[in-house]
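Trainee: Pasting the sequence and the predicted coordinates here, then a few questions.
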Amino acid sequence: MPQPTMPDFSNNNNLIKRRKYLKLSYQYFVNHFISFLLIPIIATVAIQLARIGPDDIIATIKSFHYNPVQVLCSLFVLIFISTVYFMSKPRSVYLVDYSCYKPPITCRVPFSTFMEHSRLILKDNPKSVEFQMRILERSGLGEETSLPPAIHYIPPTPNMEAARGEAELVIFSAIDNLFAKTGLKPKDIDILIVNCSLFSPTPSLSAMVVNKYKLRSNIKSYNLSGMGCSAGLISIDLARDLLQVLPNSNAVVVSTEIITPNYYQGNERAMLLPNCLFRMGAAALLLSNKRREQKRAKYKLVHVVRTHKGSDDRAYRCVYEQEDPQGLVGINLSKDLMVIAAEALKSNITTMGPLVLPASEQLLFLFTLIGRKIFNPKWKPYIPDFKLAFEHFCIHAGGRAVIDELQKNLQLSAEHVEASRMTLHRFGNTSSSSLWYELSYIESKGRMKKGDRVWQIAFGSGFKCNSAVWKCNRNIKTPINGPWEDCIDRYPVHIPEVVKL
């Protein structure tokens, strides 16, 4: 009987290596095509100049006759074109620094505490308690996430006073820390933008900040509500537009979600999901278009791309605030949420791709698209390699399923989504501020270098998918007082598929 032979893995490895080097060679050639094209032109010019003697060159220069009127006209045209160019050129917007709110230990909700409270609050509906337990087991959250003080009571006390108290705690703490890090004074703030989706009191949260810090009477203040977890990037886009028309200005952006008035105490499963995922948090940012801030600023804003699917009824209602049959208000998360998010992401990256992808990836995408249209519609669509355009990815920590879906669709490695998974584990879904906890994680790990590009991706009700691209402006030192200060050495941690409670 012949002995079974082992498969020749060496040939497979060699084939994989050849394909890898072939792809790298293709990328290098296409991305540097202009340089390769200029080499023979420059060589030809150099050879021709070498054949001409210095005396011939000097004689040619002396042969020109300069008309003073022509010289003045030429100078005027040159100055005019230069002025128009610099006046029309968009102002650079810099992220000087940012801060993230770190909840106190007293606000933490370990799994055991969360489930005990659920059993007491929903004692008449054990199936809802069991449902929340199953969600929590698979959520990807850790034992150190936090909820505001009013939710720790049994039963919770989600009144207006408690909600204002949470807002003052998280927003003022983040802004105080931002002032300490940047040396910014309240009188230096020209633009103030506060975004909070679900809690919209009167006076507004932005007015609350103005009152607390006695900001100038001519400040441009805005309060964004009802715009979901991607509202942080909408605030960035608004700040960028304002900084384009207001020279020499500073903008402070505050992103948060107030949990207190939005804790659902009913029995509808689709509305119990946010209780298991959302946690307290906030971030405050200082953006500026001042040239003197360029050297110390951490990042430069490169692109903001916004995609809105609200014209589709299914997308519009997939994250919907409503009353249940008992009249209790909560957020209903549709079963179609991930499908709608994938469609919104596809539209967003279709716009983002040409702005950031190297020419090699754009050509492959174009050839595949033409092939599917002309030759065979069943051809597998080419997914561009966004890892060639970015060194770091900050995916909104909306939930484990969101991160899994984007990792698969964008073909990212475990390290690329590490910041998102660890932020979800340590802080939970902090809504619009989660992107800044993720960026702080990357910095705390010492991975951010000058010139690195960061892609922030967030999803929100409406339904929206928004992206922002930043370029690191200088080498970033490891933060000494950030939200990860006391735990970064423990991360990354292994997050099991199911945590048995």
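Mentor: Received the coordinates, thanks.
Trainee: Burial check on P155, number of neighbours?
Mentor: Using other Cβ atoms under 10 Å, P155 is surrounded by 11 other residues. Placement of C-beta: from N, CA and C, glycine included.
Trainee: Surely it touches Q265?
Mentor: Yes - if you go by Cβ atoms under 8 Å, P155 and Q265 touch, sitting 7.0 Å apart.
Trainee: which residues do those two both contact?
Mentor: Residues touching both P155 and Q265 (Cβ atoms under 8 Å, 6 or more residues apart in numbering) are I121.
Trainee: which residues touch E323?
Mentor: Counted by Cβ under 8 Å, 6+ apart, E323 has contacts 329-330.
Trainee: And whichever strand or helix holds L95, what does it pack against?
Mentor: In this structure, L95 sits in strand 94-100 according to DSSP states H and E. If contacts are counted by 3 or more Cβ pairs under 8 Å, 6 or more residues apart in numbering; DSSP states H and E, strand 94-100 sits against helix 160-182, strand 282-288, strand 299-308, helix 434-444.
Trainee: and the helix or strand just after the third one, what other elements does it pack with?
Mentor: Sequence-wise, the next helix or strand downstream of strand 299-308 (DSSP H and E) is helix 313-316. Counting by 3+ Cβ pairs under 8 Å, 6+ apart, the packing neighbours recorded for helix 313-316 are helix 337-356.
Trainee: Okay, angle between the helix it packs on and strand 299-308 too, please.
Mentor: Note on geometry: by axes from the mean of the first three to the mean of the last three Cα atoms, to 10 degrees, helix 337-356 and strand 299-308 are set 130 degrees apart in direction.
Trainee: buried stuff in helix 337-356?
Mentor: 337-338, 340-341, 343-345, 348-349, 352-353, 356 (16 or more other Cβ atoms under 10 Å).
Trainee: same thing with stretch 178-196?
Mentor: 178-179, 181-182, 184, 186, 188-196.
Trainee: Can you tell me which of these comes closest to S311?
Mentor: Closest to S311 out of the buried residues of stretch 178-196 is N195 (22.6 Å), distances taken as Cβ to Cβ.
Trainee: any idea how far that closest one lies from L369?
Mentor: Between N195 and L369 the computed distance is 36 Å (Cβ to Cβ, to the nearest Å).
Trainee: now the stretch of helix or strand A207 belongs to, how far from the centre of its chain.
Mentor: Following DSSP H and E, the helix or strand that holds A207 is helix 205-213. Distance of helix 205-213 from the chain centroid (Cα atoms, centre = their mean, to the nearest Å) equals 26 Å.
Trainee: quick revisit: sheet-wise, list the partners of the strand holding L95 with their directions.
Mentor: Strand pairing for strand 94-100, using DSSP bridges, gives strand 282-288 (antiparallel), strand 299-308 (antiparallel).
Trainee: Show me where the stretch 151-300 of the chain dips below the pLDDT cut-off.
Mentor: Flagging of the stretch 151-300 of the chain using pLDDT under 70 yields an empty set of residue ranges.
Trainee: for the stretch 351-500 of the chain, that is, sorry about that
Mentor: In the stretch 351-500 of the chain, residues with pLDDT under 70: 381-382.
Trainee: where exactly do the strands run in it?
Mentor: 392-395, 453-460, 464-472 (DSSP state E, counting those that start in this stretch).
Trainee: So which of those strands is the most surrounded?
Mentor: Mean neighbours per residue, mean count of other Cβ atoms under 10 Å, is largest over those for strand 392-395, with a mean of 25.
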